[in-house]
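In: Predicted model and sequence follow; I will ask about them next.
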Amino acid sequence: MTSSTQALPAARGAGSAGPTPTPRRPKDRAQTTFYWMVWPAVIAFFLFHTVPVLVGIFFSLTNYAGYGAWNFVGLSNYVNLFKDDRVLQAYGFSFLFAIAATVLTNLISLSIAMGLNAKIMARNFWRGVYFVPYVLAILVIGYVFQFFFSSSLPKILSNIPLFADNILTNETWAWTAIVALAVWQSCAFAIIIYLSGLQTIPRELYEAASLDGAKAWRQFRSITFPLISAFFTINVVLSLKGFLQVFDPIVALTNGGPGTATESVTLLIFRGGFSGGEFAYQTANAVVFFIVITIVSLFQFRVLQRREADF
């Protein structure tokens, strides 16, 4: 009895064609599709971003001029950067410009966004109007601003000594014209970010604050700004990072002049690396600039996110 019972499963196994294959679960198919979609992007990123970065770091350790032979020089390019007055001046100008433009962009953008978020007529129309500068070619608009600062403004404000002459030729104040152009364009994107944050605040909070006697400034300080602090962090970090890399507005308005008064780090890298025979030297400058921007951005996130947690 026992032997026949044991033989029955064996007979069934011998007569079958093999184990039944387990059907693929939807989760497995989703994972396979995910990898097929991600890997091409990863490979493209590696080829067009990571490889050029590694090649640039390699050449920053040489004396390559962009043509001809080259030799390894170690860290001498990096050491010479900190002794180069022109490089230090470019970094000083870039940070001065970036800080001023970031502050103005966020103040103006937040003010406009709060106005658009209020109950005004044709609100959607004005949102579109304020976003127009962001979609325009900055070089084209830059040449329009150049004509305005060099020709129109001296005639309109001829009684003011600062604007009586072309401000773009003034070594002390030429940078302010570049700030005006950069802020005018950058406010468009920042306004959209702030509007997104303002629309997440319930109206009931303002109504309750009004009943408690809170004025407009008190409501902004205690309700509006704390609840949009995450959006403020995004705008400040993106603004400062973008303004540190300023290039197009300078090319359009002053081309780094007068002299080198408005020469940014990116413009210096472009000039020296591609037309000045300093390919390896300016590549080292680009590596240092990348590290500086990364440190500044991480520091901003750390400080601003800490403030978010305090509210």
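Out: Happy to help now that I have it. Numbers count the residues shown, from 1 in each chain.

In: Going by C-alpha atoms from here, please, whenever you check contacts or count neighbours.
Out: OK.

In: Spell out the residue ranges of the helices in the stretch 51-200 of the chain.
Out: 51-59, 76-81, 85-117, 123-135, 138-147, 153-156, 161-164, 174-198 (DSSP state H, counting those that start in this stretch).

In: just checking, what packs against the fourth one?
Out: Secondary-structure packing of helix 123-135 (3 or more C-alpha pairs under 8 Å, 6 or more residues apart in numbering; DSSP states H and E): helix 85-117, helix 174-198.

In: Which of those has the highest mean neighbour count?
Out: Stretch with highest mean neighbour count among these: helix 174-198 (a mean of 21; mean count of other C-alpha atoms under 10 Å).

In: as a whole number, average confidence for that helix?
Out: Over the span of helix 174-198, the pLDDT mean works out to 93.

In: Can you add distance to residue 131 and give the helices and strands packed on helix 123-135 back as CSV?
Out: Conversion of the helices and strands packed on helix 123-135 to CSV gives the following (distance: least, C-alpha to C-alpha, whole Å):
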stretch, distance to residue 131
helix 85-117, 11
helix 174-198, 5
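
In: For residue 217, find the nearest of those helices.
Out: Within the helices and strands packed on helix 123-135, the stretch nearest residue 217 is helix 85-117; the backing value is 12.5 Å (C-alpha to C-alpha).

In: now the closest one against helix 123-135, angle please.
Out: Comparing the axes of helix 85-117 and helix 123-135 via axes from the mean of the first three to the mean of the last three C-alpha atoms, to 10 degrees yields an angle of 170 degrees.

In: gap between helix 85-117 and the chain center?
Out: The chain centre lies 12 Å from the centre of helix 85-117; the measure is C-alpha atoms, centre = their mean, to the nearest Å.

In: by contact count, what packs against it?
Out: By 3+ C-alpha pairs under 8 Å, 6+ apart, helix 85-117 packs against helix 123-135, helix 174-198, helix 229-244, helix 265-274.

In: So which bits of the last one are buried?
Out: Buried residues in helix 265-274, counting neighbours by 16 or more other C-alpha atoms under 10 Å, are found at 265, 266, 267, 268, 269, 270, 271, 272, 273.

In: Of those, just say which sits nearest to residue 94.
Out: residue 265 (6.5 Å).

In: can you tell me which residues contact the closest one?
Out: Residues counted as contacts of residue 265 (C-alpha atoms under 8 Å, 6 or more residues apart in numbering) are 87, 90, 91, 94, 245, 289.

In: quick one: residue 217 from residue 245, how far?
Out: Residue 217 sits 35 Å away from residue 245, going by C-alpha to C-alpha, to the nearest Å.

In: Please apply the same query to residue 218.
Out: Taken as C-alpha to C-alpha, the span from residue 218 to residue 245 is 36 Å.

In: quick one: which of the two has more around it?
Out: residue 245 (18 against 13; other C-alpha atoms under 10 Å).

In: give me every residue that touches that one.
Out: Contacts of residue 245 by C-alpha under 8 Å, 6+ apart are 94, 264, 265, 266.

In: ok, these vs residue 150, which is closest?
Out: So of the contacts of residue 245, ranked by how close each gets to residue 150 (C-alpha to C-alpha), first place is residue 264, at 21.0 Å.

In: mind checking pLDDT for the closest residue to the closest one other than its chain neighbours?
Out: Once flanking residues are discounted, residue 264 sits nearest to residue 90: 4.8 Å by C-alpha to C-alpha, 6 or more residues apart in numbering. Note for residue 90: predicted pLDDT of 96.

In: Would you agree residue 90 is in contact with residue 257?
Out: No. With contact defined as C-alpha atoms under 8 Å, residue 90 does not reach residue 257; the gap is 11.8 Å.

In: follow-up on the earlier one: could you dump the contacts of residue 265 to TSV with distance to residue 277?
Out: Shown next, in TSV, are the contacts of residue 265 (distance: C-alpha to C-alpha, whole Å):
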residue	distance to residue 277
87	16
90	18
91	21
94	23
245	22
289	19
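
In: what two of these have the greatest distance between them?
Out: Between all members of the contacts of residue 265, the farthest pair (by C-alpha to C-alpha) comes out as 87 and 245, at 14.3 Å.

In: From residue 231, how far out is the spatially closest residue to residue 233 that is not a sequence neighbour?
Out: Take residue 233 and drop its neighbours on the chain: the residue closest to it by C-alpha to C-alpha, 6+ apart is residue 304, 6.0 Å away. Separation of residue 304 from residue 231 (C-alpha to C-alpha): 11 Å.

In: Residue 63 now?
Out: Counting by C-alpha to C-alpha, the gap from residue 63 to residue 231 is 44 Å.

In: ok, those two, which is more surrounded?
Out: residue 63 (20 against 17).

In: Surely that one is in contact with residue 73?
Out: Yes. With contact defined as C-alpha under 8 Å, residue 63 reaches residue 73; the gap is 6.3 Å.

In: what residues does stretch 130-142 touch?
Out: Residues contacting stretch 130-142 (C-alpha under 8 Å, 6+ apart): 181, 184-186, 188-189, 191-192, 248-249, 251-253.
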